[in-house]
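Asker: What follows is a predicted structure for the sequence shown.
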Amino acid sequence: MSTRHLVSIDDLSLAQIRELFVFARDFAADLRAHAHLCRGMISASLFFEPSTRTRLSFESAMLRLGGGVITAADIRTMSSSKGESLADTIRVVGGGYSDVIVLRHSSEGAARLASQYSPVPVINAGDGSHEHPTQTLCDLYNLWLERGEIEGLDIVLSGDLRYSRTIHSFAYALARFGANVICCPQPGFEMPDYVLQRLREEFGVEPQRADVSRLGDIASQSDALYLTPQKPHQLSLFTDTRGRDIERVDALYMTRPQTERHPDGGRGLDNYLQIGKRQLSAEPLKQAVVMHPLPRRDELSEDLDSDPRSIYFKQAARGVPIRMAILAYLTGAISLKAEQPARELQAHPVSLGQNPCPNATCISRTEARHVMPRYRLASRHPLRAHCAYCSHELQFQLVGSSDTREFFPRDSIELRKLRPESLVFFSTAAEALTLGFSPAAAGAPTT
Amino acid sequence: MSTRHLVSIDDLSLAQIRELFVFARDFAADLRAHAHLCRGMISASLFFEPSTRTRLSFESAMLRLGGGVITAADIRTMSSSKGESLADTIRVVGGGYSDVIVLRHSSEGAARLASQYSPVPVINAGDGSHEHPTQTLCDLYNLWLERGEIEGLDIVLSGDLRYSRTIHSFAYALARFGANVICCPQPGFEMPDYVLQRLREEFGVEPQRADVSRLGDIASQSDALYLTPQKPHQLSLFTDTRGRDIERVDALYMTRPQTERHPDGGRGLDNYLQIGKRQLSAEPLKQAVVMHPLPRRDELSEDLDSDPRSIYFKQAARGVPIRMAILAYLTGAISLKAEQPARELQAHPVSLGQNPCPNATCISRTEARHVMPRYRLASRHPLRAHCAYCSHELQFQLVGSSDTREFFPRDSIELRKLRPESLVFFSTAAEALTLGFSPAAAGAPTT
Amino acid sequence: MSTRHLVSIDDLSLAQIRELFVFARDFAADLRAHAHLCRGMISASLFFEPSTRTRLSFESAMLRLGGGVITAADIRTMSSSKGESLADTIRVVGGGYSDVIVLRHSSEGAARLASQYSPVPVINAGDGSHEHPTQTLCDLYNLWLERGEIEGLDIVLSGDLRYSRTIHSFAYALARFGANVICCPQPGFEMPDYVLQRLREEFGVEPQRADVSRLGDIASQSDALYLTPQKPHQLSLFTDTRGRDIERVDALYMTRPQTERHPDGGRGLDNYLQIGKRQLSAEPLKQAVVMHPLPRRDELSEDLDSDPRSIYFKQAARGVPIRMAILAYLTGAISLKAEQPARELQAHPVSLGQNPCPNATCISRTEARHVMPRYRLASRHPLRAHCAYCSHELQFQLVGSSDTREFFPRDSIELRKLRPESLVFFSTAAEALTLGFSPAAAGAPTT
């Protein structure tokens, strides 16, 4: 069997995730009773940027499984300063040093790249603003534990919905599990269009206005949205004039302002929403659990800490058993009965021309010397594609074929006939001509 | 049973400490024979400032007990940079990540605060210039091992007695155990008055002049003091005119200049005392063991290293078994027969007004956003109180009652009638008036 | 038995090294099957400069042996900032904290110094640009595994042969094992004279010109040398006019430019040799394995990675079992049948005068406050000597005797009569006179 990795939560099927939840719950019943599972194994924490909390959680999980840990808590001082590629680092650390690698990196797509070279399983512990699958699994695991299921739940997401990686990943995962999302953003920090677009394309989610008047302060200033992956006939149950009425919420997931990613560095956030006992007294929130990925600042009032609905500290603690389950699964210490998800979309190399990924912090750009750009097709006509590393949508105007050295407008129907491996992406005709490509005769690519 | 912590050495009774010494001696007999005691447990090293030696000693102790270790060696890069409170960090790391927390922090009182929130035992591995109880226990353990007892010993403390936290904690502990202290300070670096005051108030120690002429160089330039917690009738045994004669010393405890805390950064210390073979040839020192908390600079000559009286390297090595005993006790791996000390003085909140703690690096100030000031009463009349975190004496002129909104002079007899929970401390009447308090009618508080 | 250390590869006999190889191969067969060997032991990683790869390799090895690890990954923040000597640090960490110390330091000779004070075995994990014996052992182990023996092999060393510590140590070790070395340096980065001199003095190696025309690009621009420790009668087999013909190479060992040590910071290296499939197609390289100590930059083309001759990633991975063997041997977990090498040359103190070691980063200079200079005699007439810490040749013009307070010219035959312990080294007569020495009467030192 080929080496398993956890780069994205989509590397696991829903059935596998549910099995992992059961294992995690069993582990949590007695954290010290499972030290035989990974006895003799070693986990390597390779953190190219520090994230103490995430690192300690993984290391605790491995120790609780009886394994050992080797740690590079901040690799800015490692050989990379001598110019080593991430691929080489991974091949060395994965070759005899360790049995599983926990990778944190500031570049989007780093974990995907690492998984292509690692002889041992790679776990993505955060790649820039891209994915952090064990955080998402931990969030889902909490819902599953608290509510018994995830499908059909109504979850309010509140705060900075624009810049929070956690929130975006959580929204995709909730849609995948069939839960509904009510977006109550801080004004000016609404869910980005590209997230809504992916929710639509992958899960058929059509955003609807939500009437959150019963939620009180939490949503008073914002344009709330209701996102449901349920079938359309269910949507017709509510009138469109007022927006979907929110009567009962299962969980309120609050997030801090991601000031480090704000264009203005977080200025002007003095009026950021603060949730306290008063906000939670609204009728639809009476039974809602309050979640937060932590660390918090002021967006969760300390008067909530003793409220039985506040589960954010439990939520963090549950990161250990869920990571134990993941480590045990990837190292082969436990087996899952469910099958892995269907093979994801194939990634094709872009062997010519400029890197069409527009994301400056994508690993295909930060390690441009070592990494060949790759992409996945999203649609054939018009041609749309995503970077296979960071998932950003490619930006281009013209597409060429390295087979025929012809190039086409992006919306040419002829593009459907080209081999994906042969595609080259251009911003301008001049760029294509410089590389020796010629404009295709209209309607007749010579493939 | 509630969670045990080791924030201050006063969290342990003398009988408990003696039991821990016996355990430590047994552990030291074969450091590798006790790996079953904490099997499956995890210790978290949370170091908010680096202290490699202390950290390694604790981590070695936990590994020798068979436990695992997760480490944050320098948390200036942790979530605290995102504004997280110490309380939140502790709740997360203490919630499933670990079974015991070893905390080092630059703010006085940090470990006390942590113990209020931690679900697992907290060990204070140094909180600013406040306490470092395992260092003190290690020092006492060395005396106990070398001399068989501590009560009645005569211990010379020499060097920088003003700025050394180690020295102050050691002096209190020696008084508590009934040992006598001879202070031979570097001139200008005498034991501070507040230390002498606490020795007097808690242990009845009245400083007396000491005649250290027989000690030779060690004390030639300084005004030596003799501090004994023994009963007064014993004090009358020596004449007061010459000062207590020092005939025989059991241990000489030397300390380096704490230049990092000197107001002038340690300038003008060229003539700092250096102890060598010559200094140790004085008759009363013939049997004295030489101790030092390390690291040393030049205050201990290297020609002493081979002298059998020099135990400072042994002293450091013994930090491992004593920390093993502490970890094993706090995690419940071993039990002590002796009872815990009587409940310490109650800490009362200061819910109104400014923080009366004068210490700028107290955790109640460095984390002012999250921490409510608390105090302990030292005396009712005149009202004296200490910060419950950093132990500094509170500074105030007026005291109000949040029950009646009246305020009183600090020495008012009426203060004895107020509920401690209601006290508010003011520097000026203006401050009190601003908060809506009025001067009390003389002699008649309306409680 | 006295404590064993691994400061230099010369601390092990050839027969011991071969035994360690056999242990390493057995360990590698199942890395997880040997966790009983160091159960209960602790290794301390003391890294005074960061070297993540080396550290992780050692820590992985100790964990695979069932031991524990305590780590100081970058001790610039340790007590040394309070002025502690390396000797004191070692005595503390070696006293109860750990059962073996893995030391990395930026000063040449640091590990030798440490071994003089440590109660537990010290392993040199790199002391400046001096030695890194486990790297050398790993390189040799790879040859032994790949070729079945080392004696008689023909090894090409290529790239920056001037500034690479790895290359120099490897060359000495190959000569000691009876292997031949073909130097194919980057032009301007030839093997230094002092390395060739040591090869001559210790192993009788006389450099000969090598005809590397069959090797193709690898050596086209450089003056190649053939270094063989074989007996002279074998040398006569080839004609001297063309240089030794290189027909078949067993291994090609490539090294990166050590730009951090280049006087000009590595400028002008745009044409640094790059080895790729084309370069490896030369007939004599058909069977050669390709080695590299990693990290690489561009000197090994990525198109080599899939070539079966490329073993550089395996080479790195094999660092774990060879370090397991070393740790197990030094801690006494395994025994070797072969004897230790004959006692190395005695080191004599230089108790007077200036430190004659010319190396500014030698530990005898960087810790001048604590370290007495020591030297080893290389020859009596003319007097030549090396620093006992960093191995640099001492620089001096005059030599005095602390017994007679006379001094002599360096080439005086009279120096043969002096006790080595009494030698004092001077640059000038003025220096000697200042210290109270007088010129010796010619021919008659009064010893």
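Answerer: Yep, it's here.

Asker: Residue A:53 and residue B:92 touch, don't they?
Answerer: Yes - contact status for residue A:53 versus residue B:92: in contact at 6.5 Å, counting by C-beta atoms under 8 Å. For the C-beta atoms, the positions are set from N, CA and C on the backbone; glycine is no exception.

Asker: joint contacts of these two?
Answerer: A:294, A:316 (C-beta atoms under 8 Å, 6 or more residues apart in numbering or on different chains).

Asker: and the residue lying closest to residue A:37 once chain neighbours are set aside, how many residues sit next to it?
Answerer: Distance criterion C-beta to C-beta, 6 or more residues apart in numbering or on different chains; nearest residue to residue A:37, sequence neighbours excluded, is residue A:333 at 4.2 Å. The criterion is other C-beta atoms under 10 Å in any protein chain shown. On that basis, residue A:333 has 20 neighbouring residues.

Asker: Which secondary structure state does residue A:333 sit in?
Answerer: For residue A:333, the assignment made with DSSP: H, G, I helix; E, B strand; the rest coil gives coil.

Asker: Chain C versus that one, what's the distance?
Answerer: In this view, residue A:333 and chain C are 12 Å apart by C-beta to the nearest C-beta, to the nearest Å.

Asker: can you pull the pLDDT of that residue?
Answerer: Looking at residue A:333, its pLDDT reads 98.

Asker: likewise residue A:223?
Answerer: pLDDT, residue A:223: 80.

Asker: what helix or strand does it sit in?
Answerer: Secondary structure from DSSP states H and E places residue A:223 outside every helix and strand.

Asker: wouldn't it be in contact with residue A:211 here?
Answerer: No - contact criterion C-beta under 8 Å: residue A:223 and residue A:211 do not qualify, at 11.2 Å.

Asker: Those two: which is more packed in?
Answerer: residue A:211 (18 against 14).

Asker: how about that one, phi and psi?
Answerer: Main-chain torsions, residue A:211, degrees, to the nearest 10: phi -90, psi 100.

Asker: Nearest residue to the closest residue to chain C within the stretch 101-250 of chain A in space, ignoring adjacent ones along the chain?
Answerer: Among the residues of the stretch 101-250 of chain A, residue A:119 lies closest to chain C, at 8.7 Å counting by C-beta to the nearest C-beta. Nearest non-adjacent residue to residue A:119, counting by C-beta to C-beta, 6+ apart: residue A:94, 4.6 Å away.

Asker: The one you found in helix, strand or coil?
Answerer: Going by three-state DSSP: residue A:94 is helix.

Asker: per-residue confidence at it?
Answerer: For residue A:94, pLDDT reads 97.

Asker: Quick one: residues contacting it.
Answerer: Residue A:94 touches A:44, A:101, A:117-120, A:122, counting by C-beta under 8 Å, 6+ apart.

Asker: What of residue A:192?
Answerer: Neighbours of residue A:192 in contact, by C-beta under 8 Å, 6+ apart: A:162, A:168.

Asker: any idea how far it lies from residue A:161?
Answerer: 8 Å (C-beta to C-beta, to the nearest Å).

Asker: if I pick the residue nearest to residue A:37, what's in contact with it?
Answerer: A:37-38, A:41, A:65, A:327.

Asker: Just send these back as TSV, with secondary structure too.
Answerer: Formatted as TSV, the contacts of residue A:333 follow (three-state DSSP):
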residue	secondary structure
A:37	coil
A:38	coil
A:41	coil
A:65	coil
A:327	helix
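
Asker: Name the member of the residues you listed with the most neighbours.
Answerer: The contacts of residue A:333, ranked by neighbours (other C-beta under 10 Å): first place residue A:327, 28 neighbours.

Asker: what's the burial count for the closest residue to chain B within the stretch 51-200 of chain A?
Answerer: Taking C-beta to the nearest C-beta as the measure, the point where the stretch 51-200 of chain A comes nearest chain B is residue A:63, at 3.6 Å. Counted by other C-beta under 10 Å, the residues lying close to residue A:63 total 25.

Asker: for it, what are its contacts?
Answerer: So residue A:63 contacts A:69, B:42, B:68-70 (C-beta under 8 Å, 6+ apart).

Asker: For residue A:181, give the beta-bridge partners.
Answerer: residue A:155, residue A:227 (DSSP bridges).

Asker: could you list every residue that touches it?
Answerer: Neighbour list for residue A:181: A:155-157, A:171, A:174-175, A:225-228 [criterion: C-beta under 8 Å, 6+ apart].

Asker: do the same with residue A:275
Answerer: A:158, A:218, A:252, A:254, A:290, A:299-301, A:304.

Asker: got a winner among the residues you listed for most neighbours?
Answerer: Most surrounded of these: other C-beta under 10 Å gives residue A:158, at 27 neighbours.

Asker: Let me see the residues that make contact with the strand or helix carrying that one.
Answerer: Under the criterion of DSSP H and E, residue A:158 resides in strand A:154-159. Applying C-beta under 8 Å, 6+ apart, the contact partners of strand A:154-159 are A:143, A:167, A:170-171, A:174, A:179-186, A:189, A:191, A:215, A:218-219, A:246, A:248-257, A:272-273, A:275, A:288, A:299.

Asker: Pull out the buried residues from these.
Answerer: For these, a neighbour count by 16 or more other C-beta atoms under 10 Å in any protein chain shown gives the buried set as A:143, A:167, A:170-171, A:174, A:179-186, A:189, A:191, A:215, A:218-219, A:246, A:249-257, A:272-273, A:275, A:288, A:299.

Asker: Just the ones of those in strands?
Answerer: A:180-185, A:251-255 (DSSP state E).
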